[in-house]
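J.: Sequence first, predicted coordinates after that:
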Amino acid sequence: MGLPSWDIVQSWFGKEFYFGPPVEKKSNFLETKWGTIKDYSKPAPKSFWESFPSRSLPQGPSTRIDVEAFEKEVSRCKESWTWPEKKLAEVALFSLKNGASAKQKSDLPGDIMRNARSAAAAGGAFTDVLGTWLETGYVAGPFFHPPLKDFRANSIMAVEQKGKIRPILNLSYPEGKSFNDNVDELEVRKVKMSSARKFGQSLLDCGEGAVFSKSDMKDAYKHIPARPDEWRLQGFKWLGAFFIDTQQIFGAATAVENFDTVAQTIVNIVLSDCQIPRNLIHRTLDDAPCVGPKDSGWCEEFTDKYREICEKVNIRLAEDDPKADKAFSNQKRGTVLGVIFDSDLLSWRCSQQKITESLTTIHTFLHSGMVSLHQVEVLCGKLADFSQMATFMKFFKRPLIDFMTSFKDDEDILLDTPPQVTKDIKTWAAVISHTSGWLPIGREILAPPLECLHFISDAAGGFYEDGQIGVASVGIRKDESIWFMSRGTWPKAIRDGQTDERGVSYQSKMTTLETVGLLIPFLCIPDEIRGRHVRLGVDNVSVVFAWENGSSSKDTSASALIRALGMVSMFLECRIYVEHVPRLSCRNSTVADALTRETTTTDEVWETLKTARIMGPPSKLWEWVKNPHTDWDLGMTLIKDLKKRL
């Protein structure tokens with residue numbers, strides 16, 4: 001899982017975390033080099049435009065890419081490509097020559113929309129960016145009347161990222177009638193991107209001392225022109241004047257695919273001349289990270305060739321960053337997809353800026369009293385970014401996700417933060433703070449090794465008249481004989497239909513009841529399990545998905561039990577694989593099923609257990625079973641008991 005020692009992990013839970021005072025943003029985005037504007041929500045005086053850059057509408061699609069050189073490279077390499085790679089190159093060439101399609105289902109009417117308040121608040125910075133776009137030929141304007149028939153002036157937003165402003169045309173507004181709503185999704189190719197987690201796995205594959213690089217395209221989307229007949233859809237209004245973005249737009253539902261056709265074709269060209277395996281290239285949008293084993297020369301060759309091809313076709317790349325952040329070449333430490341990696345340590349950490357921004361978001365959230373849906377969504381985004389590397393935190397998402405769901409998509413209401421959400425967020429804060437130091441990259445293992453412990457569990461639910469019912473777990477040897485068995489009978493609370501907070505009877509909550517079975521061996525025989533790989537077979541598919549996701553979307557008490565199992569596995573330093581074993585599909589699943597009912601536990605079943613270590617149900621877990629409820633602290637309760645016994 002990529003965890004530090006349990007002493008450190010334990011310190012993350014149940015303790016107050018000091019955040020310090022909120023960080024004040026000192027950025028000033030109101031000043032512009034083009035003159036003084038008092039109010040960016042109103043038209044600028046005519047004199048302002050006299051010194052401002054301008055560009056008339058071009059005669060057709062334009063791109064800074066040398067299309068002829070690009071086409072020559074495609075022709076040189078395509079004989080070694082697969083059919084999909086050839087088709088992708090054809091689409092890329094067509095887009096560069098004719099403009100990439102917005103894939104609209106119908107003709108949208110003209111409209112002039114109001115800009116977001118964030119645009120005026122960052123008016124100077126946006127004005128400077130707009131001037132640069134005009135100078136580089138990405139935007140046409142200013143026009144003092146709508147320049148095209150049925151012209152759409154889209155709403156402008158401004159988002160601050162790393163102390164800079166990213167202007168965004170809100171192509172998802174107005175809801176239901178927007179550019180993005182009108183995109184034919186069936187015509188948009190799904191683009192697969194890498195992630196920091198996948199890059200980390202490649203770093204582990206390449207081993208200690210691996211070399212890695214990251215190349216970054218400047219103004220990436222702006223390399224790809226839009227179709228001239230769709231320019232009218234890409235307009236906006238600023239300071240009383242009209243403009244048209246003639247290239248691909250950040251925020252358009254089609255922009256990623258349209259850019260990817262060119263960016264991926266560039267990578268395909270480079271790979272035609274390099275030895276590096278394709279799986280060691282982790283391109284994501286405009287970034288092209290690669291990694292190779294020490295002394296293999298793979299990374300160095302790809303990096304040099306990538307830059308050579310980009311220069312040949314006139315694609316600008318960012319200069320190498322001395323801090324190995326934005327772009328760098330052949331390093332053993334650097335930032336890839338927002339995470340700092342070190343190949344000598346085979347570890348990762350986060351930048352202090354990223355940590356500070358996330359802790360500030362948490363601080364503001366916890367001290368807001370009542371919060372909005374937008375605040376919850378922003379926080380979820382921050383935490384999701386961290387959890388792609390800190391995969392063990394998947395067990396601490398469910399209360400926050402349920403809180404977000406409780407808003408029912410209402411953006412106007414404010415709700416009190418539930419106590420459990422507050423408690424979990426403090427745990428997240430402790431983990432995030434700890435990522436300022438190095439954490440080991442967790443190895444993702446999709447299937448268990450041959451040498452592992454194997455258990456199958458089953459649970460009976462519903463009303464059963466003829467005798468007692470409950471849950472059972474059996475441990476299986478390599479020869480399929482059973483060496484361990486523990487079972488317990490459901491107490492009166494479950495048999496009599498005690499309900500959860502949603503009014504659902506526990507006797508019908510099969511995901512919860514089956515998850516109880518998963519926990520049994522860890523609490524009965526922790527010494528045998530510690531440090532091992534453990535296969536857990538269960539006939540309930542929902543339990544398998546709940547383990548993979550860290551929680552159950554429809555069963556809160558099952559989610560709390562899944563969290564408990566995750567925490568116990570952290571404490572015992574074992575790796576768990578939960579597998580679906582269809583009911584009665586093998587001899588041992590049949591035995592586990594039979595053991596859940598007194599009436600089916602026959603002499604034949606007992607005969608299969610004659611060499612097994614037979615134990616009763618774990619006492620601490622059964623205290624919960626006698627009074628079932630959603631207990632998010634159950635994991636620590638079970639671990640405290642384990643500590644006394646180990």
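T.: Arrived safely. Remember, it's a predicted structure, so these values are computed and weren't measured experimentally.
J.: wait, Asp321 sits on Phe328?
T.: Yes - here Asp321 reaches Phe328: they are 5.8 Å apart, a contact under C-beta atoms under 8 Å. Backbone N, C-alpha and C define where each C-beta goes, glycine included.
J.: These two - which one has more neighbours?
T.: Applying other C-beta atoms under 10 Å to Asp321 and Phe328 shows that Phe328 carries more neighbours, namely 24 against 14.
J.: Quick check: chain neighbours aside, which residue is closest to that one?
T.: Counting by C-beta to C-beta, 6 or more residues apart in numbering, Gly334 is the residue found nearest to Phe328 once chain neighbours are left out, at 4.8 Å.
J.: Can you classify the one you found as helix, strand or coil?
T.: Using DSSP: H, G, I helix; E, B strand; the rest coil as the criterion, the local structure at Gly334 reads strand.
J.: pretty sure it is touching Phe212, no?
T.: Yes - using C-beta under 8 Å, Gly334 makes contact with Phe212 at a distance of 6.5 Å.
J.: give me the low-pLDDT residue ranges for this protein?
T.: By pLDDT under 70, the low-scoring segments of the chain are 1-2, 14-30, 162-163, 463-467.
J.: how far is the longest strand anywhere in it from where the chain is centred?
T.: Assignment by DSSP state E gives strand 152-161 as the longest strand of the chain. Put simply, strand 152-161 sits 24 Å off its chain's centre (C-alpha atoms, centre = their mean, to the nearest Å).
J.: Pull it out as PDB, backbone CA atoms only.
T.: What follows is strand 152-161, C-alpha atoms only, in PDB (Å, rounded to 0.1, in the frame of the first residue of the first chain):
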ATOM      1  CA  ARG A 152     -22.200  33.300 -29.500                       C
ATOM      2  CA  ALA A 153     -20.400  35.300 -26.900                       C
ATOM      3  CA  ASN A 154     -19.700  32.700 -24.200                       C
ATOM      4  CA  SER A 155     -19.300  33.500 -20.500                       C
ATOM      5  CA  ILE A 156     -15.700  34.000 -19.400                       C
ATOM      6  CA  MET A 157     -14.400  32.500 -16.100                       C
ATOM      7  CA  ALA A 158     -11.000  33.000 -14.500                       C
ATOM      8  CA  VAL A 159      -9.400  30.200 -12.400                       C
ATOM      9  CA  GLU A 160      -6.200  30.800 -10.400                       C
ATOM     10  CA  GLN A 161      -3.600  28.100 -10.700                       C
END
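J.: Can you spell out which helices and strands pack onto that strand?
T.: Strand 152-161 sits against strand 111-112, helix 117-121, helix 123-136, strand 164-170, strand 235-238, with contacts defined as 3 or more C-beta pairs under 8 Å, 6 or more residues apart in numbering; DSSP states H and E.
J.: Out of those, which gets nearest to Ile425?
T.: With C-beta to C-beta, the closest approach to Ile425 among the helices and strands packed on strand 152-161 belongs to helix 117-121: 25.4 Å.
J.: in the closest one, what's buried?
T.: Across helix 117-121, burial judged by 16 or more other C-beta atoms under 10 Å covers 118-121.
J.: Same check on stretch 217-229?
T.: So stretch 217-229, judged by 16+ other C-beta under 10 Å, has buried residues 217, 220-228.
J.: Need the max-distance pair from these.
T.: Checking the buried residues of stretch 217-229 with C-beta to C-beta, the most distant pair is Met217 and Pro228, at 23.9 Å.
J.: Contacts only, for Pro289.
T.: Neighbour list for Pro289: 194, 199, 212-215, 281-283, 336-337 [criterion: C-beta atoms under 8 Å, 6 or more residues apart in numbering].
J.: now those residues as JSON lines including secondary structure and distance to Ile112?
T.: JSON lines is the format used below for those (DSSP: H, G, I helix; E, B strand; the rest coil; distance: C-beta to C-beta, whole Å):
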{"residue": "Ser194", "secondary structure": "coil", "distance to Ile112": "40"}
{"residue": "Phe199", "secondary structure": "helix", "distance to Ile112": "44"}
{"residue": "Phe212", "secondary structure": "strand", "distance to Ile112": "48"}
{"residue": "Ser213", "secondary structure": "strand", "distance to Ile112": "46"}
{"residue": "Lys214", "secondary structure": "strand", "distance to Ile112": "41"}
{"residue": "Ser215", "secondary structure": "strand", "distance to Ile112": "40"}
{"residue": "Ile281", "secondary structure": "strand", "distance to Ile112": "44"}
{"residue": "His282", "secondary structure": "coil", "distance to Ile112": "42"}
{"residue": "Arg283", "secondary structure": "coil", "distance to Ile112": "38"}
{"residue": "Val336", "secondary structure": "strand", "distance to Ile112": "42"}
{"residue": "Leu337", "secondary structure": "coil", "distance to Ile112": "38"}
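J.: Please consider this matter closed, and thank you.
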